[in-house]
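1. need a structure here:
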Amino acid sequence: MLRQITLLTIAIFAFVGQVAAQKYKPKKIFHLEAKSARFVGSGVSNESYYFKPSLELGLGIQFPITSRVNFSPQLSLSQRGFSGKTIFSDSAYTKRNITTQYLDVSPNFEIKLGSLSEFGSGYSIWGGPYLGVGLWDNSTYERRAQTPSGSFATTTTTGESFSRDIRRLDMGLKVGIGVVTQNFVSFGLTYQTGLMNISTEPGELRNQSLGFYMRVFFDEIL
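-> Here you go, the predicted structure:
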């Protein structure tokens, strides 16, 4: 009798585990984000910043912990940078446009609110720390100044900020909030702030961005 009860208990647990695995099985994540990036800190305190469009592409895996909580690590190719201008007079200024490309690792956690139905819609709050390693960059510096003859001339130079005044390593926090449609597509807003000073020169610089994201969840990838 005890043996039968034991076998029945094992069978029930196995069945429940199989059902749970089917209901809460991991999914693949495709992440697309369009954002405005900039630097913040004392290193840009005298500059007027402009809209700096940037893109981010990422792949991740969604591991359900409970029906409402997921662990969603992600690997992303993320653009960051800055576009700003320092004005010295009506005719003299310095303008710079910096585009940096990072490879980010993000151990994100996600909380779902609202409907849990496979065909329902709800809300998603996700985020976590990130670690970014700079891969390459493209920087343009434009300087307009008065020449010894009294006229004004503009000079433009290009180069790599990673080898001149920007560190390759970046760390910070990123959060997103949005809507999940039928557990297949999610879209909403993101905010990212760096916690590490990335400047190699006097004056602090930290990355910051605000953007829109779309995530698509796949059960299988063919």
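2. wait, Ala145 sits on Ser89?
-> No. With contact defined as CB atoms under 8 Å, Ala145 and Ser89 do not form a contacting pair (9.6 Å). Glycine gets a C-beta too; all of them are placed from N, C-alpha and C.
3. The two: who's more crowded?
-> Ala145 (14 against 10; other CB atoms under 10 Å).
4. What is the subsequent helix or strand relative to the helix or strand hosting that one?
-> Of the helices and strands defined by DSSP states H and E, Ala145 is found in strand 121-146. Tracing the chain C-terminally past strand 121-146 and defining elements by DSSP H and E, one meets strand 152-159 next.
5. Please list all residues in contact with the nearest residue to Gly211 once chain neighbours are set aside.
-> Closest residue to Gly211 in three dimensions, ignoring its sequence neighbours and counting by CB to CB, 6 or more residues apart in numbering: Lys35, at 2.5 Å. Residues in contact with Lys35 (CB atoms under 8 Å, 6 or more residues apart in numbering) are 53-56, 190, 192, 209-212.
6. try Asp104
-> When contacts are counted by CB under 8 Å, 6+ apart, Asp104 touches 58, 74-78, 130-132.
7. Mind exporting the C-alpha coordinates of stretch 176-195 to PDB?
-> Taking C-alpha atoms only, stretch 176-195 is exported to PDB below (Å, rounded to 0.1, in the frame of the first residue of the first chain):
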ATOM      1  CA  GLY A 176      11.700  49.400 -18.800                       C
ATOM      2  CA  ILE A 177       8.000  49.600 -18.400                       C
ATOM      3  CA  GLY A 178       5.500  48.700 -21.000                       C
ATOM      4  CA  VAL A 179       2.600  46.600 -22.300                       C
ATOM      5  CA  VAL A 180       2.700  42.900 -23.100                       C
ATOM      6  CA  THR A 181       0.300  41.700 -25.800                       C
ATOM      7  CA  GLN A 182      -0.700  38.000 -25.700                       C
ATOM      8  CA  ASN A 183       2.700  37.100 -24.200                       C
ATOM      9  CA  PHE A 184       4.200  37.600 -27.600                       C
ATOM     10  CA  VAL A 185       5.000  41.300 -28.100                       C
ATOM     11  CA  SER A 186       6.000  43.900 -25.500                       C
ATOM     12  CA  PHE A 187       6.600  47.600 -26.100                       C
ATOM     13  CA  GLY A 188       7.100  50.600 -23.900                       C
ATOM     14  CA  LEU A 189       9.700  53.100 -22.500                       C
ATOM     15  CA  THR A 190      13.200  52.600 -21.200                       C
ATOM     16  CA  TYR A 191      15.600  54.700 -19.000                       C
ATOM     17  CA  GLN A 192      19.300  54.000 -18.700                       C
ATOM     18  CA  THR A 193      21.800  55.700 -16.400                       C
ATOM     19  CA  GLY A 194      25.400  55.000 -16.000                       C
ATOM     20  CA  LEU A 195      27.000  54.700 -12.600                       C
END
